[in-house]
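Provided below are the primary sequence and the corresponding predicted coordinates.
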Amino acid sequence: MGIIQEKNKKIVTQFYDLIINKKDFEAATPFIGKRYKQHNPLVKDYPEGLKEFIGFLKENFPGARSEIKRVIAEDDYVVLHVHSVRSKDLERAIIEIFRLEDGKIEEHWDVIQEIPEKSANPNGMF
């Protein structure tokens, strides 16, 4: 793993903790690129869209927490495998993909799956 990939992993994990666990947009702004492009259809583009989403989290899920289980980096991309707990009744497995440019997060994708009560196998989602 190269130095840039390790640096990108650190940027993304710090950013993710600030926006999801601490819900602190202002503290996260140094990590966000000016053209921040969002691929989640529920969140608007640009830093302002992310700020609006964090406001939604603060209002609707103030106690929500996420634990990063895995971090994978390749070129300018960082992938997180995350266990998200929004409430006692809503836990999800999430894959977050970030593209960085010059040390700033410029693009984001995610795939979200609710964790079922029962599974057809004993392997778990993490």
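It's in. Residues are numbered from 1 along each chain as shown.

now for the residue nearest to I19 when sequence neighbours are not counted: which residues touch it?
Excluding its sequence neighbours, the residue lying closest to I19 (C-beta to C-beta, 6 or more residues apart in numbering) is A28, at 5.0 Å. No exception for glycine: its C-beta is placed from N, CA and C like everyone else's. Neighbour list for A28: F15, L18, I19, L50 [criterion: C-beta atoms under 8 Å, 6 or more residues apart in numbering].

which stretch of helix or strand covers the first one?
Just to be clear, that refers to F15. Using DSSP states H and E, F15 sits within helix 3-16.

can you give me how far that helix is from the chain middle?
Distance of helix 3-16 from its chain centroid, counting by C-alpha atoms, centre = their mean, to the nearest Å, is 12 Å.

for that helix, buried residues please.
Buried residues in helix 3-16, counted by 16 or more other C-beta atoms under 10 Å: Q5, N8, K9, I11, V12, F15, Y16.

hmm, back to that, among the contacts of A28, which are located in helices?
Judged by DSSP state H, the subset of the contacts of A28 located in helices is F15, L50.

hey, C-alpha coordinates of the helix holding F15 in PDB?
The C-alpha coordinates for helix 3-16 follow below in PDB (Å, rounded to 0.1, in the frame of the first residue of the first chain):
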ATOM      1  CA  ILE A   3       1.800   6.500   1.100                       C
ATOM      2  CA  ILE A   4      -1.100   8.300  -0.700                       C
ATOM      3  CA  GLN A   5      -3.500   5.400  -0.100                       C
ATOM      4  CA  GLU A   6      -2.600   5.400   3.600                       C
ATOM      5  CA  LYS A   7      -3.100   9.100   3.800                       C
ATOM      6  CA  ASN A   8      -6.500   8.800   1.900                       C
ATOM      7  CA  LYS A   9      -7.600   6.100   4.400                       C
ATOM      8  CA  LYS A  10      -6.800   8.400   7.300                       C
ATOM      9  CA  ILE A  11      -8.700  11.400   5.700                       C
ATOM     10  CA  VAL A  12     -11.800   9.300   5.000                       C
ATOM     11  CA  THR A  13     -12.000   7.700   8.400                       C
ATOM     12  CA  GLN A  14     -11.600  11.000  10.200                       C
ATOM     13  CA  PHE A  15     -14.100  12.600   7.900                       C
ATOM     14  CA  TYR A  16     -16.600   9.800   8.400                       C
END
